[in-house]
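Engineer: Sequence plus the predicted model coming up.
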Amino acid sequence: MWDKTKIVALASDHAGYELKVFLYKILTSEGYLFHNYGTDSTASVDYPDFAHFVGKSVNNGECSRGIVICGSGNGVNMVVNKYPEVRSALCWNSEQAELTRRHNNANVIALPGRFIDFDEALKAVKLFLNTDFEGGRHETRVNKINKVSF
């Protein structure tokens with residue numbers, strides 16, 4: 001279960017802005033804490049300018065988890081996965097969000113703002129924040145990811 005004293009990093013581009021606002025309003029009303037790294041409108045922006053803040057804050061431990069949103073979810077996912085301590089997963093539904101926590105110990109969820117229903121996104125994020133990593137055989141696999149460096 002998520003410790004609500006921990007901070008979630010949150011960012012989107014213009015295509016994910018409305019979903020970000022929807023999630024932020026509901027989750028803050030339920031007691032979740034956020035660092036909102038923008039964007040703050042639907043004006044066209046470059047997704048890396050905002051996703052990098054989430055990657056940095058999760059990578060350095062300032063935030064325990066992150067949520068990034070763009071049109072497809074792919075761009076922001078690529079950005080945050082550049083950081084060595086980030087394991088981001090693109091999730092189109094709540095089942096993926098739950099499994100990426102249980103099996104992959106993901107610490108960032110990437111959402112496709114143009115392709116996911118807002119209620120499904122909320123369900124996915126809540127599962128992502130409140131599902132524990134199973135460890136065991138999955139921990140062995142995640143450790144193999146962490147061993148790779150270039």
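Structural biologist: Yep, that arrived. Residues are numbered from 1 along each chain as shown.

Engineer: and the lowest-mean-pLDDT helix or strand in the chain, which residues are buried?
Structural biologist: Using mean pLDDT, DSSP states H and E, helix 137-147 stands out as the lowest-scoring helix or strand of the chain, at a mean of 87. Going by neighbour count (16 or more other C-beta atoms under 10 Å), the buried part of helix 137-147 is V142. Every C-beta, even on glycine, is put in place using the N, C-alpha and C of the backbone.

Engineer: same check, this time on stretch 116-134
Structural biologist: Under 16+ other C-beta under 10 Å, the buried positions of stretch 116-134 are 116, 121-129, 131, 133.

Engineer: Adding distance to A15, secondary structure and pLDDT as columns, could you present those residues in a markdown table?
Structural biologist: Below are the buried residues of stretch 116-134 laid out as a markdown table (distance: C-beta to C-beta, whole Å; DSSP: H, G, I helix; E, B strand; the rest coil; pLDDT from 0 to 100):
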| residue | distance to A15 | secondary structure | pLDDT |
| --- | --- | --- | --- |
| I116 | 12 | coil | 98 |
| A121 | 13 | helix | 99 |
| L122 | 18 | helix | 99 |
| K123 | 20 | helix | 98 |
| A124 | 17 | helix | 98 |
| V125 | 17 | helix | 98 |
| K126 | 22 | helix | 97 |
| L127 | 23 | helix | 97 |
| F128 | 20 | helix | 97 |
| L129 | 23 | helix | 96 |
| T131 | 26 | coil | 96 |
| F133 | 30 | coil | 94 |
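
Engineer: check contacts around the residue nearest to S88 when sequence neighbours are not counted.
Structural biologist: With C-beta to C-beta, 6 or more residues apart in numbering as the criterion, S88 has its nearest non-adjacent residue at 3.7 Å, and that residue is V108. V108 is in contact with 9, 54-55, 58, 65-68, 80, 86-89, counting by C-beta atoms under 8 Å, 6 or more residues apart in numbering.

Engineer: With that, I have no additional questions.
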